[in-house]
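Asks: I would like to see how this sequence folds:
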Amino acid sequence: MAKIAFTVLWAGVLMAVDRTLDGFTWAQYLAVFALGGIYAFTINKLPERRNKSA
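Replies: Below you'll find the model as predicted:
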């Protein structure tokens, strides 16, 4: 559940940054690349849901 919530929150952050940088194409590319890296690093650090029935 934490990964889903973080993904939805991060999508909002990405959209806000993209809208803020509208008109600066190079800055949008740089921001999306940086935020994608931060997302990938963070999503791997979040705890996974453990299925106790298995």
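Asks: elements contacting the top helix by length along the chain?
Replies: Looking only at the chain and at elements set by DSSP state H, the helix with the highest residue count is helix 25-45. In terms of contact count using 3 or more Cβ pairs under 8 Å, 6 or more residues apart in numbering; DSSP states H and E, helix 25-45 is assigned the packing partners helix 2-20. All C-beta atoms are positioned from the backbone trio N, CA, C, and that covers glycine.
Asks: figure out how far the helix it packs on is from the centre of its chain.
Replies: The chain centroid and the centroid of helix 2-20 are separated by 5 Å under Cα atoms, centre = their mean, to the nearest Å.
Asks: where does the prediction get shaky in the chain?
Replies: Counting by pLDDT under 70, the ranges of the chain that qualify are 52-54.
Asks: on that earlier part again, what sits up against the longest helix of the chain?
Replies: With contact meaning Cβ atoms under 8 Å, 6 or more residues apart in numbering, helix 25-45 is reached by Lys3, Phe6, Thr7, Trp10, Val13, Leu14, Val17, Asp18, Leu21, Asp22.
Asks: what's the burial count for the fourth one?
Replies: Think Trp10. Counted with other Cβ atoms under 10 Å, the burial measure for Trp10 works out to 16 neighbours.
Asks: could you check how far the residue lying closest to it once chain neighbours are set aside is from Gly23?
Replies: In space, and not counting its chain neighbours, Trp10 is closest to Tyr39: 5.3 Å by Cβ to Cβ, 6 or more residues apart in numbering. Per Cβ to Cβ, to the nearest Å, Tyr39 is found 24 Å from Gly23.
Asks: ditto for Met1
Replies: Distance of Met1 to Gly23, computed by Cβ to Cβ: 37 Å.
Asks: check Val8 too.
Replies: Relative to Gly23, Val8 is positioned 27 Å away (Cβ to Cβ).
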